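> Dropping the sequence and predicted coords here.
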Amino acid sequence: MRKAFIQLHLAVLLAGFTGVLGRLITLNEGLLVWYRLMLTAATLWILAWLQKKARRISFTSMLKIFGVGALASLHWVAFYGSIKYANISIALVCFSSIGFFTALLEPLLFRTRLNIRELLLGLLAVAGISLIFHFDPSYKTGIIVGLISALLGSLFPILNKKLLEKTDPYTITLYELSGGFLFLSLLLPLYLHWFPAGHLIPTRNDAAWLVILSWFCTVLAFSLSMQALKKISAFTVNLSYNLEPLYGIMLAFIIYREDRSLHAAFYAGLFMIIISVVLQSWLVYSSVRKTK
């Protein structure tokens, strides 16, 4: 269990860099995610071939995994869209509502009892977000897109938890990101028609940031979180990812000085989100110790 928590929080730390990279990369959010998935899928297939990790799966399983990959691609498009419409801090804090959505959707999809504790902890994070949103209504569009991103993102670990019962983490990651790339390739022409891009080809700087985003913040982060999911519940994984705003916001403060435009309410809301994560981690550890 301890190893799983270490893997999870390393993945969260890497994920914290994605917001800054999303602002550094000048591409339209749809193109940004498309290039990210292309590089990531290609890297994973090369590694699978070299290490002989690629495994054949049934057509039905492949379709299910591709479907989850499509949801992941939409989640990323919405996430980077939130950064473009608002800023890094707002987009990352919106992501914190993922715990609340998980507490509602996981029992609904798996037909299990609603966990009141998880729901209350998720609501604590939502309360923090509401407090943050109160300070500036000018970010309305970015907030709405960010919440859509969190809703889509909450489905990802929930569905992966089910897939892990029959398929190993590497195979799932390989096919999910490939499925996300294929889905977004089909969707991109229509998306670019609705949301035109300033340029289609990455600049030299964009290409460098995309490689970092692909190899470290996607390939490595995905591998770590998938390993953690084998020992930790989907809700705990999602709630722990609420630490992602903390890491990302600190970087945004240092690099872009976003702290100059944020009020005291922002910090109060962020504190509530951190408390929800700490409480959940403590409760999980306590329950594990009681079973030993």
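Now that the structure is in, tell me what you want to look at.
> what packs against the host helix or strand of Leu108?
In the assignment (DSSP states H and E), Leu108 maps to helix 98-110. Contact analysis of helix 98-110 by 3 or more C-beta pairs under 8 Å, 6 or more residues apart in numbering; DSSP states H and E lists helix 116-133, helix 140-163, helix 234-240 as its packing neighbours. The C-beta positions use only the backbone N, C-alpha and C, and glycine is treated the same way.
> OK, contacts around Pro107?
Under the criterion of C-beta atoms under 8 Å, 6 or more residues apart in numbering, the neighbours of Pro107 are 113-115.
> where's it relative to Ser214, distance?
The gap separating Pro107 from Ser214 is 34 Å, by C-beta to C-beta, to the nearest Å.
> repeat for Arg56
Summarising the geometry, the distance separating Arg56 from Ser214, computed by C-beta to C-beta, is 25 Å.
> out of these two, which sits in the busier spot?
A count of neighbours by other C-beta atoms under 10 Å puts Ser214 above the other of Arg56 and Ser214, at 23 against 7.
> Surely Met1 touches Lys231?
Yes: the pair Met1 / Lys231 is scored as a contact, 5.7 Å apart, by C-beta atoms under 8 Å.
> Lowest average confidence across helices and strands of the protein, where is it?
helix 234-240 (a mean of 68; mean pLDDT, DSSP states H and E).
> ranges for the helices of the chain?
Taking DSSP state H, the helices of the chain run over residues 2-15, 18-24, 29-51, 59-85, 88-94, 98-110, 116-133, 140-163, 169-194, 204-214, 221-229, 234-240, 244-256, 264-291.
> okay, the angle between the fourth one and helix 29-51?
Here helix 59-85 points in a direction 140 degrees away from that of helix 29-51 (axes from the mean of the first three to the mean of the last three C-alpha atoms, to 10 degrees).
> Just the mean pLDDT for helix 59-85, thanks.
If you average the pLDDT over helix 59-85, you get 94.
> Tell me the gap between stretch 252-267 and the middle of its chain.
Taking C-alpha atoms, centre = their mean, to the nearest Å, one finds the center of stretch 252-267 at 22 Å from the center of the full chain.
> And that stretch, what's buried?
By 16 or more other C-beta atoms under 10 Å, the buried positions in stretch 252-267 come out as 252, 256, 258, 262, 265-266.
> what's the closest of those to Ala86?
Looking at the buried residues of stretch 252-267 and their distance to Ala86, the nearest is Glu258, at 10.3 Å (C-beta to C-beta).
> show me the contacts for the closest one.
So Glu258 contacts 87-89, 249, 252 (C-beta under 8 Å, 6+ apart).
> separation between Phe95 and Pro157?
Distance, Phe95 to Pro157, using C-beta to C-beta: 13 Å.
> what about those two, which has more around it?
Counting neighbours by other C-beta under 10 Å for Phe95 and for Pro157 shows that Phe95 has the greater number, 30 against 25.
> residues contacting the nearest residue to that one once chain neighbours are set aside?
Once its chain neighbours are removed from consideration, Phe95 has its nearest residue in Ala150; the separation is 5.4 Å (C-beta to C-beta, 6 or more residues apart in numbering). Residues in contact with Ala150, defined by C-beta under 8 Å, 6+ apart, are 94-98, 101.
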